[in-house]
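# Below are the sequence and a predicted model for it; my questions follow.
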Amino acid sequence: MNELKTQDKPKIGLGGGCHWCTEAVFQELKGVFAVSQGWICSNEANQNPSEAITLYFDPEVISLEILMKIHLMTHASTSDHSMRGKYRSAVYFTSEAQKQEILNILSKLQLEFDQPLITQCLPLIDFKLNEESFLNYYQKQPDAPFCQTYISPKLALLRKEFRANVL
């Protein structure tokens, strides 16, 4: 992605499930660009790497609230399952102002869920890009069994529930 295009746009990190799935979902959205898939480390309690993506977005095209709602609906955001170390449910912020906005949005979106959200608001401390062979995983092999089982249903949900935001 052209660095000039992203330098003045907000950046966030998203984690919760497999980074291949998360990457594919957010690559489908208008106003989202420079989706990078890999591992995020956060503060001391969350310093171990967890599968995630980073992305830049244009808030005039897609709001942070819509991005977060999509994120919460496309992974198990209310389940504190045994794989949470590898798949930390989080929205990672890059500024204090963004942190407050994320916390406010999480409180608002909680009303749309029957169970408590476990998704955390955490600082984006470090990001490590995945190996080249795993980047754009769904685009490279959409018919692979993993893609058909896990990613395609999330994309179908995205296209149904967020039609106006899909490319």
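Received it, and whenever you're ready, just let me know what you need. Every value quoted in this text rests on a predicted model; they were computed, and no experiment measured them.

# any idea how far the nearest residue to residue 112 once chain neighbours are set aside is from residue 96?
For residue 112, ignoring the flanking residues on the chain, the nearest one in space by CB to CB, 6 or more residues apart in numbering is residue 69 at 7.7 Å. To be clear about C-beta, it is placed using only N, CA and C from the backbone, and glycine gets the same treatment. Noted for residue 69: a distance of 23 Å to residue 96, by CB to CB, to the nearest Å.

# and what of residue 136?
33 Å.

# out of these two, which sits in the more crowded spot?
residue 136 (15 against 9; other CB atoms under 10 Å).

# I figured the more buried one hits residue 36, correct?
No - the criterion here is CB atoms under 8 Å, and residue 136 misses it with residue 36 at 10.6 Å.

# which residues of this structure score low on pLDDT?
1-7 (pLDDT under 70).

# now with 90?
Scanning the chain with the threshold set as pLDDT under 90 gives 1-8, 33, 80-86.

# hey, where'd the strands end up in it?
11-15, 32-41, 50-57, 90-93, 120-123, 126-129 (DSSP state E).

# Quick one, which of these gets closest to residue 80.
strand 120-123 (11.1 Å; CB to CB).

# what sits up against the closest one?
42-43, 46, 88-94, 99, 102-103, 106 (CB atoms under 8 Å, 6 or more residues apart in numbering).

# Give the partner strands of it in its sheet and their orientations.
Strand pairing for strand 120-123, using DSSP bridges, gives strand 90-93 (parallel).
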